[in-house]
Each structure stands twice: as C-alpha cells, then as structure tokens.
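A.B. asks: generate a structure from the sequence data that follows.
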Amino acid sequence: MNERGMIYPLVLTLCFILLIFFSYLTEKVASERHFVFMQEEQLKQVRLIQQGVDRALVWVEELAVYPSERRLNVNEGLLKVVFTKTSVNEVMFTVEAVTTRQSTKKVKVYYNVTQKSVTKWVEG
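C.D. replies: Below you'll find the predicted structure:
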C-alpha cells in the first residue's frame, strides 16, 4: 500500500476542517464587533437625547413665539429641537439626535409650563 497516497487526503481533510473552524471564529468575532458597535451607537443616541431634553427644558422657559426651532452641535452629534404649543399650559417639543455616524433617534416630550414638569415622553 502506498503511504503517500493515504497521507495526502488526510492532510487535505485536516486543512479543510481547520479552514471551517477559523471561518467560524472570524464570523463570530465580526458579529460581536458589530453588536458592540450598535450598542455604542445606541448609548450615544440616548446621551444626545438626554442632552437635548435638558437644553430644551431651559429653552422652553425663554420662548415667546411658537412654533420655534433650535439646533445645537455637540461633541457626539447634532441636536434639533422643535417647540410647539399644544395648549395654554402645555408645550410639546421634539428632540432629534443625529450622531456623527448619521444614526438618528427622536423623542417627543410634553411639558406642563405651569407645573414645570414633563407630563409625557414618547420615543419614535
């Protein structure tokens, strides 16, 4: 029996198995990196939204004309806040946060002017 003829298919099979294993590991690492990237983007969006709401709560006390719009560039992206008066005691403002990688998140906040409190928060 020819030993060289037996070793060659075994080496090829082993190489193929190693290739499949390393392909699996590479895909696993890539998907984990993508997941971490998406989580990081979501955290940036949440931080931007919170900054926008904090600024809007200060700006709403200064406004006299409705509807009104304000834009603000911050380190992590752009904030766009649109104020609309919904009733005598209530102002609705929409905060749109755009990260530096152009992912966006919006939130609508209903604010009671007389009680100086947020009555409703709607994401989307």
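
A.B. asks: next one: the most centrally placed residue in the chain from residue 35, what distance?
C.D. replies: The chain has residue 42 as the residue nearest its centroid, 2.9 Å off, counting by C-alpha atoms, centre = their mean. Separation of residue 42 from residue 35 (C-beta to C-beta, to the nearest Å): 11 Å. All C-beta atoms are positioned from the backbone trio N, CA, C, and that covers glycine.

A.B. asks: mind checking pLDDT for the closest residue to residue 99 other than its chain neighbours?
C.D. replies: Using C-beta to C-beta, 6 or more residues apart in numbering and skipping residues adjacent in sequence, the residue nearest residue 99 is residue 77, 4.2 Å away. Predicted confidence (pLDDT) for residue 77: 91.

A.B. asks: surely residue 77 meets residue 48?
C.D. replies: Yes: under the criterion of C-beta atoms under 8 Å, residue 77 makes contact with residue 48 at 5.4 Å.

A.B. asks: which residue of the two possesses the greater neighbour count?
C.D. replies: Comparing residue 77 with residue 48 by neighbour count (other C-beta atoms under 10 Å), the higher total belongs to residue 48, at 25 against 22.

A.B. asks: what about the closest residue to that one other than its chain neighbours, which helix or strand?
C.D. replies: Distances taken as C-beta to C-beta, 6+ apart put residue 97 closest to residue 48, at 3.4 Å, once the chain neighbours are dropped. Using DSSP states H and E, residue 97 sits in strand 90-99.
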